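Engineer: no sequence for this one, just the structure:
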C-alpha cells in the first residue's frame, strides 16, 4: 500500500542499511498450509541469522576476526541491502555427489575451482560423474562442494527474491564451520562470492569463525 511504501521511504532516510523481506517472497517460500505466524517466523530467522553472523565475527574466536570499524565501513550509508544464509553438511553433500544428484552448476563450479589448482576442471567433473556409479568421492572434492553449496544457498535464498550481489558496493561475509572446516573451503567460498560481484570497487570484507556445534557443517 501507499502507507507501507511511504513508511519504507522514511525509514530508509533515517538508516544506514535497511533490509526488507517482501510478503510476496514469503508466499513463494512457503506452502499453502503454512500459517501466518510460521511465515513471519521464517523472515525473522533470516534476519536473526544475518545479525548473528555479524556479531559472531566480532565476538567469536576464529581464523579471521573483524571489529566494529570493519562492519561500519561496509554498512554505513549503503541504503537497501540483502542478507542470506546457507548451510551445507558433509553427509548430505557426499551422498549427493556419490549418487550423482548434485546440480550441474555445482559441478561446473567444482571444475572452475579445480582450474585454479593443480588438477584440471575435466578431472574434477569426471570424479563427480564416476562417483554416481562406483567411485567414492575424495574428501577434498566433498569439502569444496560443501563450500559451494552453502554459498549458493545463501545467494539464492527464496526470501531474497531476485536480489543479487552483482552490483553490490559492499559485502560483509561470515564463513563459519566446525573443527573439520578446511582452509580450502574458506578460500573456495570467498573466491566464489567475489566472482559474483561485477563492481571492481566493491568493498568486500571476509571473516571466518569457529562454532563447535557445526561439526560436519559449513555455513
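Structural biologist: On my side now, so go ahead. Quick caveat: nothing in here was measured; it's all calculated off a predicted structure.
Engineer: mean confidence score for the lengthiest helix in the chain?
Structural biologist: Longest helix in the chain, counting residues (DSSP state H): helix 36-59. Average pLDDT, helix 36-59: 80.
Engineer: buried set for it?
Structural biologist: Buried residues in helix 36-59, defined by neighbour count with 16 or more other CB atoms under 10 Å: 39, 42, 43, 46, 49, 50, 53, 54, 56, 57. (C-beta placed from N, C-alpha, C; glycine too.)
Engineer: for these, give me a markdown table that also has distance to residue 11.
Structural biologist: Converted to a markdown table, these look like this (distance: CB to CB, whole Å):
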| residue | distance to residue 11 |
| --- | --- |
| 39 | 22 |
| 42 | 21 |
| 43 | 16 |
| 46 | 18 |
| 49 | 22 |
| 50 | 17 |
| 53 | 22 |
| 54 | 19 |
| 56 | 26 |
| 57 | 25 |
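Engineer: which of these sits closest to residue 210?
Structural biologist: residue 56 (9.7 Å; CB to CB).
Engineer: coming back round to it: could you give the separation of the next helix-or-strand element following the longest helix of the chain from the chain centroid?
Structural biologist: Of the helices and strands lying after helix 36-59 in sequence (DSSP states H and E), the nearest is strand 62-64. Relative to the mean C-alpha coordinate of its chain, strand 62-64 is positioned 17 Å out (CA atoms, centre = their mean, to the nearest Å).
Engineer: cool, stretch 27-45 as well?
Structural biologist: In this view, stretch 27-45 has its centroid 21 Å away from the chain centroid, taken as CA atoms, centre = their mean.
Engineer: how long is it from one end to the other?
Structural biologist: Using CA to CA, to the nearest Å, one end of stretch 27-45 lies 16 Å from the other.
Engineer: could you do stretch 24-41 as well?
Structural biologist: End-to-end distance for stretch 24-41: 15 Å, by CA to CA.
Engineer: in this structure, where is pLDDT below threshold?
Structural biologist: 1, 101-135, 158-162 (pLDDT under 70).
Engineer: tell me where the chain has strands.
Structural biologist: For the chain, applying DSSP state E gives strands covering 17-19, 62-64, 79-81, 88-89, 170-177, 203-210, 217-218.
Engineer: report how many residues lie close to residue 65.
Structural biologist: As a burial measure, residue 65 scores 15 neighbours (other CB atoms under 10 Å).
Engineer: actually residue 66, not the one I wrote
Structural biologist: The local packing of residue 66 (other CB under 10 Å) involves 21 other residues.
Engineer: go on, residue 86?
Structural biologist: 19.
Engineer: I'd say it and residue 149 touch.
Structural biologist: Yes - proximity of residue 86 to residue 149 meets the contact threshold set by CB atoms under 8 Å, at 7.3 Å.
Engineer: I'd like the distance between residue 31 and residue 39.
Structural biologist: Separation of residue 31 from residue 39 (CB to CB, to the nearest Å) stands at 10 Å.
Engineer: swap that for residue 179, please
Structural biologist: 35 Å.
Engineer: what of residue 205?
Structural biologist: Distance from residue 205 to residue 39, by CB to CB: 32 Å.
Engineer: residue 170 pairs with what?
Structural biologist: Note on residue 170: beta-bridge partners by DSSP bridges are residue 203.
Engineer: mind checking how far it is from residue 184?
Structural biologist: Counting by CB to CB - residue 170 and residue 184 are separated by 26 Å.
Engineer: repeat for residue 144
Structural biologist: Here the distance between residue 144 and residue 184 works out to 6 Å (CB to CB).
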